[in-house]
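**Student:** here is a sequence together with a model predicted from it:
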Amino acid sequence: MKIQVKKLREGARLPHLATQGSAACDLYALLEKPLTLRPGERVSVPTGLALALPDPSFVAVVCARSGLALKRGLSLANGIGVIDSDYRGELFVALINNSAENQTIENGERIGQLMILPVVRAEYEEAEELGETERGTGGFGSTGTK
């Protein structure tokens with residue numbers, strides 16, 4: 001599948017697969033100067049890119065980079081980022097500093113991963129009863145830990 005990507009500013013880098021087995025492409029920060037996040041601070045980091053998904057049966061999803069999260073405490077402020085098929089604006093990566101120390105993002109640094117996934121469009125209808133299952137209404141932690 002080919003995705004059209006537009007560079008909005010000088011220095012923007014196209015999404016890049018690091019290896020043949022990569023499921024997601026790296027996204028790169030496009031910054032005029034380094035950006036420092038204090039502990040607990042959230043920022044929206046620009047990529048300088050916009051993209052066009054082919055139709056509403058696809059969504060672009062921004063995921064965290066596991067190395068940033070584990071080694072530096074930087075993760076996505078919104079869990080994952082959803083880029084709808086009709087969005088044509090700049091891609092930003094919302095980061096939060098979960099560490100106890102300042103963390104600095106440099107221009108060109110890999111800040112997130114981009115995946116293209118199929119969308120299943122469900123129709124929702126109200127029901128008086130739902131089918132029974134073994135789990136039933138058991139919520140968080142109801143299936144145990146081991």
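**Tutor:** Sure, I can see it.

**Student:** for the helix or strand of the chain with the lowest mean pLDDT, the distance to its chain's centre please.
**Tutor:** Sorted by mean pLDDT, DSSP states H and E, the helices and strands of the chain end with helix 66-67, the least confident at a mean of 92. How far helix 66-67 lies from its chain's middle: 13 Å, per C-alpha atoms, centre = their mean, to the nearest Å.

**Student:** got any ranges where the chain has weak pLDDT?
**Tutor:** By pLDDT under 70, the chain contains no weakly predicted segment.

**Student:** who does the residue nearest the centre of the chain form a beta bridge with?
**Tutor:** Geometric centre of the chain, nearest residue: Val62, 1.9 Å, by C-alpha atoms, centre = their mean. Per DSSP bridges, the residues bridged to Val62 are Gly81, Leu114.

**Student:** now the residue nearest to Pro56 when sequence neighbours are not counted: which helix or strand?
**Tutor:** Excluding the flanking residues, the one nearest Pro56 by C-beta to C-beta, 6 or more residues apart in numbering is Ser85, at 4.6 Å. Where C-beta positions appear, they are placed from N, C-alpha and C, glycine not excepted. Assigned by DSSP states H and E, Ser85 belongs to no helix or strand.

**Student:** ok, Ser85 - contacts?
**Tutor:** Ser85 is in contact with Leu53, Pro54, Asp55, Pro56, Ser57, Phe58, Val59, Val119, counting by C-beta atoms under 8 Å, 6 or more residues apart in numbering.

**Student:** ok, the second one touching Met1?
**Tutor:** Put plainly, it is Pro54. Yes - in this structure Pro54 lies within contact range of Met1 using C-beta atoms under 8 Å: 7.2 Å.

**Student:** quick one: which of those two has more around it?
**Tutor:** Set side by side, Pro54 and Met1 show unequal neighbour counts under other C-beta atoms under 10 Å, the larger going to Pro54 at 12 against 6.
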